[in-house]
Structure formats: C-alpha cells, structure tokens
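# Sequence first, then the predicted structure:
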Amino acid sequence: MHTLIFLSIFVFVVQVCPAQETLVACGDNQVLIIKHDPFDQEDQEITWRWSVENAYELDPDFRKKMIPTDDCKPVANDTQLLITSSGGGVILLNIEDKKIEFHAQVPNAHSAELLPNGRIVVALSIANGGNALELFDPRHSNEPIYRDSLYSGHGVVWMPKHQRIFALGFDELRAYSLGAWSSDKPFLKKEHSWILPGESGHDLVAVSENLLLLTTHEGAWSFQIPDEEFTPFAPLDTVPDIKSIFYRPEDGRIIYTKGETRWWTHRIHCLEPNKILEFPEVKLYKTRVMEGAH
C-alpha cells in the first residue's frame, strides 16, 4: 500500500519537473556532471568532469587507490561532492573550484554522508581490524574518531527529521543517534537494527522524510521509518545486482547503477521519463521500465 502511494506521488512530481536537470555520476576514475533534457533523445553533453588522476594535491599512492571511484553524492546544497572508492577512501570535493577539502585513506569505503558540524560518516565493506562504520572530523584529523563494527557496510543516510543516521550492512539496517555532537569527541550510538528481507545490502537513499529506499543483491525495498516496515519497491524489486542508488528531490528522479562484468562499470538508469544514461558513451536511450508499475 505504501509503495503504491509513493509511486503515484513520484510520477506526479516528475510530470511537473523542469526540462533541464543535472546528473552527477561516478565511473572508473571520473566524476561527471551532466546537463540534460529528459525529453531529448540525443546524446547529452558532459558539462563538468573531474579525474582522480589529476588530483595532484593527493599522494600518488592515494590517487591509485581511489581508482575506480565507486560512489559520489552531492552535499551541502550541491556545493560539495563526497566521493568514495572501495580501493582507497573518501574525498570531499568543492564543486566550484574542484579543490579537495578533505581526504582520508579508508580501505573499502563504499558510501559517505556529511553530518551536522561538518562530520563525515563512512561505511566500509572490509576494513583493517574488521568491517565497520567510521566517523571523521575533517576540521581536526583525517583519522577516524569513532568506529562501530558493521558487517559489509555499504550505505549511510542522515535523516534530519528523526535525528538519526541509517546504515546498511550485509543483512541488517541500523539506526544511530548523534552523541556528544557539540564536543571534540562526538560518537554514534546504535539505537535499533532491523533484519533485511533480502541478503547482501548494497545501498541506501532517502526519498522522503519518513521513507528510505534500499537495494540488495536481489532487488529493491522501501522502508517506512514510522511503521518499521519493508515493502518490495516496484519496478526495481526484481532487478538483480543494483549497486548504488540516488534520489533527486528537486524533480523526483531516481538514478541507480547496475553492476555488470566489473561492478563499477556503471549504467545510470533514470526512471520516468524512462531513459538510460550509459557509461562511457554517455548516451540516453528510451526504456519502458515504469510501464504498468502504477
């Protein structure tokens, strides 16, 4: 019931969205920003490109570890990008001048989130000393100030209404509160956890103040925070091997990447008006993935 209601609202939002929009995507060693008209079937222009290889302020060894980039997320009113790589770590990048504001060598970092007071939380799949969720304070150090064990951590989302960080692991979803946040020794306190309906959690995104969307090896699920309820998310509930997922509240668009022979070889699927943006050619194709879903 919740899924049907959400899809109906989602389609309405998309129908009234402006024609021009910006997509942010990561693939191999590139971060791309693409302006495109969702009603145009022609190839779209890359308007902004950044390569980890050209980040000369980074140590050469760190640059190598950051290739390929796995995930990128606009933060702070789209003025910054958080970039993670399973090979090397996390980077906070200023979009306007392309300067790196913070970086940390975090083995197997898969997702990051910018929290109040500029702290960064990172989910790790496999890290030195075990799988974990790590908290950083860029103002003081590039070493973690807090960590909590989380098996195969892949996604983190900050939910301001609930004052909670939600983190996705292999078989569970966790909720953390912020502890001692105004001090020099903040931490995350685990409040609750839920067993996933499908194994191998891949990524997590907020689509409203009460609704999360998560992907697993088998497909996608929505999670109603107040009801603590998982629901299959059509039409992605049967799509296998979805890796990262991103929601644009400005126009109600969902963008996700699908693993293939190398899981970082991304395809970016734009649901409604039903097109696919594909790496590395950067072409838009029509698809009918939403037909009959509502």
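Sure thing, it's come through.
# check contacts around residue 182.
residue 117 (Cβ atoms under 8 Å, 6 or more residues apart in numbering). C-beta: built from backbone N, CA, C; applies to glycine.
# Quick check: phi and psi on it?
Main-chain torsions, residue 182, degrees, to the nearest 10: phi -90, psi 0.
# From residue 174, how far off is residue 165?
Separation of residue 165 from residue 174 (Cβ to Cβ, to the nearest Å) stands at 8 Å.
# what do you get for residue 66?
The spacing between residue 66 and residue 174, counted by Cβ to Cβ, is 27 Å.
# Between the two, which is the more surrounded one?
More neighbours surround residue 66 than the other of residue 66 and residue 174, with 26 against 21 (other Cβ atoms under 10 Å).
# Would you confirm that the more buried one contacts residue 29?
Yes - counting by Cβ atoms under 8 Å, residue 66 touches residue 29, with 7.5 Å between them.
# Spit out the residues that contact the two alike.
In contact with both residue 66 and residue 29: residue 52, using Cβ under 8 Å, 6+ apart.
# Can you give me the buried ones in stretch 107-121?
Across stretch 107-121, burial judged by 16 or more other Cβ atoms under 10 Å covers 107, 108, 109, 110, 111, 112, 113, 114, 115, 119, 120, 121.
# how long is it end to end?
Stretch 107-121 has an end-to-end distance of 14 Å (Cα to Cα, to the nearest Å).
# Any idea how far it is from the middle of the chain?
Relative to its chain's centre, stretch 107-121 lies at 11 Å (Cα atoms, centre = their mean, to the nearest Å).
# now stretch 152-171
Taking Cα atoms, centre = their mean, one finds stretch 152-171 lying 11 Å from the centre of the chain it belongs to.
# Buried residues, that stretch. List them.
Neighbour-count burial for stretch 152-171 flags 152-159, 164-171 (criterion: 16+ other Cβ under 10 Å).
# One more: stretch 180-193?
For stretch 180-193, burial by neighbour count (16+ other Cβ under 10 Å) applies to 186, 187, 188.
# so where do the helices sit in the chain?
2-15, 60-65 (DSSP state H).
# avg pLDDT for the longest one?
When the per-residue pLDDT values of helix 2-15 are averaged, the result is 31.
# just for the stretch 151-294 of the chain, where's the confidence low?
For the stretch 151-294 of the chain, the stretches with pLDDT under 70 are 250-251, 259-294.
# what do you get if the cut-off is 90, keeping everything else the same?
151-155, 170, 197-203, 207-208, 215-220, 233-294 (pLDDT under 90).
# Check the stretch 1-150 of the chain too.
For the stretch 1-150 of the chain, the stretches with pLDDT under 90 are 1-57, 64-78, 85-89, 95-96, 106-111, 124-131, 139-140.
# if you set the cut-off to 70 instead, what comes out?
1-22, 27-28, 35-45, 127-129.
# Which of the buried residues of stretch 107-121 sits closest to residue 97?
Residue 97 lies nearest to residue 114 out of those, by Cβ to Cβ, at 17.9 Å.
# Grab the nearest non-local neighbour of residue 49.
Spatially, and ignoring its direct neighbours in sequence, residue 49 is nearest to residue 32 (5.8 Å; Cβ to Cβ, 6 or more residues apart in numbering).
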